[in-house]
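Q: next input, structure requested:
(one chain, ligands or ions: 2)
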Amino acid sequence: MIRSGRGQPGDVAARLARAEQLAATDQIAAGPLRLLATVLRHHQARAGDDLIRSEAGLLAAAVETNRAGGRYPLLDLDAAAGPVMAELDLAVDALLGAVPEPLAGAGRTVAGWSGPERRQLVEAWLDDPSLVDPLLGFWVRAAAGPLLETAAVGAAVPSAEQWRGSACPLCGGQAQASVIAPESGEFMGGSPRSLVCGRCATWWSFPRAVCAVCGEEDPRNLGAYLGEDQRWVRVDACETCHGYVKTFDLREAGGRDIVPLVDDVATLTLDLWAGEQGLARPSASFAGV
Ligand SMILES: [Zn+2]
Ligand SMILES: [Zn+2]
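A: Ligands and ions are numbered 1, 2, ... in the order given. Purely as a prediction, here's the structure:
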């Protein structure tokens, strides 16, 4: 089993602690890490709210019926749009003073929108974040994170046999990062690679030699690029779609304290390098939000 403390659903505290720790020591990514910590503090406060818990229960109520019927994502996203629209105001109120332009401007825009405009934005983002302007997407993600993650807590993640997709089986989000964990040691423990959802923080099994963006399986089109002094992180790139995902190897000596959704932000120089190579992430994000 993957040990706890890696920031999986419900473990916002581990992500916040890691973001604060790295922000205090990291010269290059300190600004984005502080922004991430600010968002996570809001996330943590909302995730503990009774209203969010009851709304999350409604999203999770569909999981077993959907699983039995083979319907993915398993959470009831139709039930998410209304609550996320309401959360937008709370996210803007809490974070507007802490985010830089042009994110703040996008927050003011969203705050001024009427119900139908908000609904269109939120439903598009729930369907596919790449359909949404990244600046606006930052706010939807800050608003939706506490709800989606709370709904994912305790839901059984499908096995590699049940779900082979590159989208999150619970909420449909894209992988923000990829992880290679130590072998579980269990009989038929499965692939040691997992993808990590950028929306609900769920980890799910995914084959090691497959592009997490387009599904390419031909090894001639897949490459892994390791940093010189960071053997615990690499860029897994695909020549077919020119997409990439960062993979964190928790077995490496430097990988002991990694919290993938936070270390993804801390390794932004790799994203700059990847961008120079003409590679792109599945979706743009600001400080992992
Ligand atoms: Zn998810
Ligand atoms: Zn690809």
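Q: what is the neighbour count of Pro134?
A: 15 (other CB atoms under 10 Å). Just so you know, the C-beta spots here come from the backbone N, C-alpha and C atoms, and that holds for glycine as well.
Q: so what pLDDT did it get?
A: For Pro134, the pLDDT comes out at 93.
Q: how about Arg118?
A: Confidence score, pLDDT, at Arg118: 96.
Q: that one and Cys241, how far apart?
A: The spacing between Arg118 and Cys241, counted by CB to CB, to the nearest Å, is 32 Å.
Q: compare these two (neighbour count), which wins?
A: Set Arg118 next to Cys241 and count neighbours by other CB under 10 Å: Arg118 wins out with 20 against 16.
Q: which ones are touching the more buried one?
A: Arg118 sits next to Met85, Leu88, Val110 when contact means CB atoms under 8 Å, 6 or more residues apart in numbering.
Q: make it 6 Å
A: Contacts of Arg118 were listed using CB atoms under 6 Å, 6 or more residues apart in numbering, and they are Met85.
Q: and it, helix, strand or coil?
A: Following DSSP: H, G, I helix; E, B strand; the rest coil, Arg118 is assigned to helix.
Q: what's the spacing between it and Pro219?
A: From Arg118 to Pro219 the distance is 45 Å (CB to CB).
Q: over to Gln21?
A: To Pro219, Gln21 is 37 Å away according to CB to CB.
Q: the more surrounded of these two?
A: Legend: neighbour count by other CB under 10 Å for Gln21 and Pro219, higher for Gln21 (16 against 9).
Q: secondary structure class for that one?
A: At Gln21 the chain is in helix, as set by three-state DSSP.
Q: where's Gly223, which helix or strand?
A: Here Gly223, judged by DSSP states H and E, is contained in strand 222-226.
Q: ok, and what's touching that strand?
A: Applying CB under 6 Å, 6+ apart, the external contacts of strand 222-226 come out as Arg234, Val235, Asp236, Ala237, Cys238.
Q: return the per-residue confidence for the last one.
A: Among the per-residue scores, Cys238 shows a pLDDT of 97.
Q: same check on the first one?
A: Note for Arg234: predicted pLDDT of 95.
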